[in-house]
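Asks: Pasting a predicted model and its sequence here:
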Amino acid sequence: QSDLSMAPGIFYPFRLPIEDDPPMTGCDGGTVDSGDSGANVYRDNICECNNHELELGQPYLVEPGDMIGPTFQGIADLIADDPDAYWDGETVRNSKYGEDWKDLSPRVIKIALFSPDQLVKGGMQELTFNNIALMFLEHQDNPRAPITGRFLYFASGTGTGPTNGSLILYLRLVE
């Protein structure tokens, strides 16, 4: 069993493959090259919503480093695209996407879920995801502040995956 305490180098960003996808425009207007890694690609994957199909049960590399600035920049770009939307306690109101906010607002993001037992060391390692959730981004006040969001529900996919495995009994967002 792993020590679930935080360790240096574990901040949870992971590398999404982009080599099979159409070229993605970065947050700064440039093109993201396939095979790239690092802070700029990580930020661009957030603000441009990398749509690469994530496969449950397949390993993905953790991107080392804290990514505080790139996370804040990517989240700020998503929120800025639907700035007046807010959570009223039951649903999203005032989205520029109207009743289609769940499908169209960039503030509804997919979160890959994994068992924290996989974290056994700091630095470069692989994570295997077991589910994907949808979350509405509320705010992040500054680069070091927590990202506040609302869990909506689990995402549906088009692929096939394992028919057995862990069930989510509770959701714990790590601070």
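Replies: Good, I have the coordinates.

Asks: Next secondary structure after the longest helix seen in the chain?
Replies: In the chain, taking DSSP state H as the definition, the longest helix is helix 68-80. Next in sequence after helix 68-80, counting helices and strands by DSSP states H and E, comes strand 86-87.

Asks: elements contacting that next one?
Replies: Applying 3 or more CB pairs under 8 Å, 6 or more residues apart in numbering; DSSP states H and E, we find strand 86-87 packed against strand 92-93, strand 131-139. All C-beta atoms are positioned from the backbone trio N, CA, C, and that covers glycine.

Asks: who does the first one pair up with?
Replies: Strand 92-93 has the following sheet partners, assigned by DSSP bridges: strand 86-87 (antiparallel).

Asks: got a list of contacts for the partner strand?
Replies: For strand 86-87, the external contacting residues (CB atoms under 8 Å, 6 or more residues apart in numbering) are 92, 93, 94, 136, 138, 150.

Asks: Now the buried members of the residues you listed.
Replies: 92, 136, 150 (16 or more other CB atoms under 10 Å).

Asks: and of these, the nearest to residue 13?
Replies: residue 136 (20.2 Å; CB to CB).
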